[in-house]
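Q: mind folding the following:
(one chain, ligands or ions: 2)
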Amino acid sequence: MTLEVKLINKSSNIVPSYATELSAGVDLRASLQEDMLIKPLERVLVPTGLFIELPAGFEAQIRPRSGLALKHGITVLNSPGTIDADYRGEIKVILINLSKDNFVIKNGERICQMVVAKHEKVTFSLVDQLVDSERGAGGFGHTGKL
Ligand SMILES: O=c1ccn([C@H]2C[C@H](O)[C@@H](COP(=O)(O)OP(=O)(O)OP(=O)(O)O)O2)c(=O)[nH]1
Ligand SMILES: [Mg+2]
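A: Ligands and ions are numbered 1, 2, ... in the order given. Got it, this is the predicted structure:
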């Protein structure tokens with residue numbers, strides 16, 4: 001499937017591309033006029049310069065890159081961020097620095113990945129009783145550790 005994209009990036013108009021043939025996620029780049037500093041435990045909103053037009057029934061999920069998380073404690077705060085099909089604004093990424101060190105993002109750096117996915121839409125129907133199940137109301141560790 002082809003996705004219509006618009007790019008507004010000050011220095012590099014790089015169309016997103018999958019790093020390998022079977023990658024689920026495509027990396028998104030920071031679109032910055034100057035370096036962005038993220039102090040420990042600080043969160044920032046990083047513009048990507050990317051605008052997309054998803055078909056009805058699709059969403060895009062904004063997820064962290066594992067390398068940034070492991071090496072620098074940088075993750076997506078609202079992971080997975082949700083890009084709705086009717087959103088026409090710039091995709092922006094909420095990053096948080098969970099390390100003890102400052103982290104600097106430069107223009108054009110790959111800061112997160114985006115997975116385009118199908119989703120269902122349901123109709124909510126109010127009932128008095130839900131059908132019982134083996135799990136019932138058990139959760140939050142209810143089945144034990146081993
Ligand atoms: O990481 C994100 C999450 C969301 N969005 C954009 C696209 C999405 O369609 C819109 C709304 O996102 P969401 O529903 O998560 O935010 P909200 O706080 O519920 O805002 P709204 O009231 O606008 O829905 O913001 C981003 O650019 N990046
Ligand atoms: Mg919302």
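Q: center of this protein - which residue?
A: Closest residue to the average C-alpha location of the chain: I62 at 1.0 Å, with Cα atoms, centre = their mean.
Q: do I have it right that it meets I91?
A: Yes - when contacts are counted by Cβ atoms under 8 Å, I62 is listed as touching I91 (7.2 Å). (Glycine included, C-beta is placed from N, CA and C.)
Q: who touches both of these two?
A: L28, I83, M114 (Cβ atoms under 8 Å, 6 or more residues apart in numbering).
Q: now stretch 115-130: buried residues?
A: V116 (16 or more other Cβ atoms under 10 Å).
Q: list of residues touching that stretch?
A: L3, A24, G25, V26, L54, G57, F58, E59, A60, Q61, R63, P80.
Q: mind checking which of those residues are buried?
A: The buried subset of the contacts of stretch 115-130 - by 16+ other Cβ under 10 Å - is G25, V26, L54, F58, E59, A60, Q61, R63, P80.
Q: which one of the residues in the chain is closest to ligand 1?
A: G81 (2.5 Å; Cβ to the nearest ligand atom).
Q: the closest residue to that residue other than its chain neighbours in helix, strand or coil?
A: Nearest residue to G81 in three dimensions, chain neighbours excluded: I62, at 3.4 Å (Cβ to Cβ, 6 or more residues apart in numbering). Here I62 is recorded as strand under DSSP: H, G, I helix; E, B strand; the rest coil.
Q: quick revisit: check contacts around the residue nearest to the centre of the chain.
A: Counted by Cβ under 8 Å, 6+ apart, I62 has contacts 28, 76, 78-83, 91, 93, 112-114.
Q: switch the cut-off to 10 Å
A: 25, 28, 48, 76, 78-83, 91-94, 111-115 (Cβ atoms under 10 Å, 6 or more residues apart in numbering).
Q: now it, which residues is it bridged with?
A: I62 has these beta-bridge partners by DSSP bridges: G81, M114.
Q: ok, G25 - contacts?
A: G25 touches 16, 18-19, 61-65, 112-116, counting by Cβ under 10 Å, 6+ apart.
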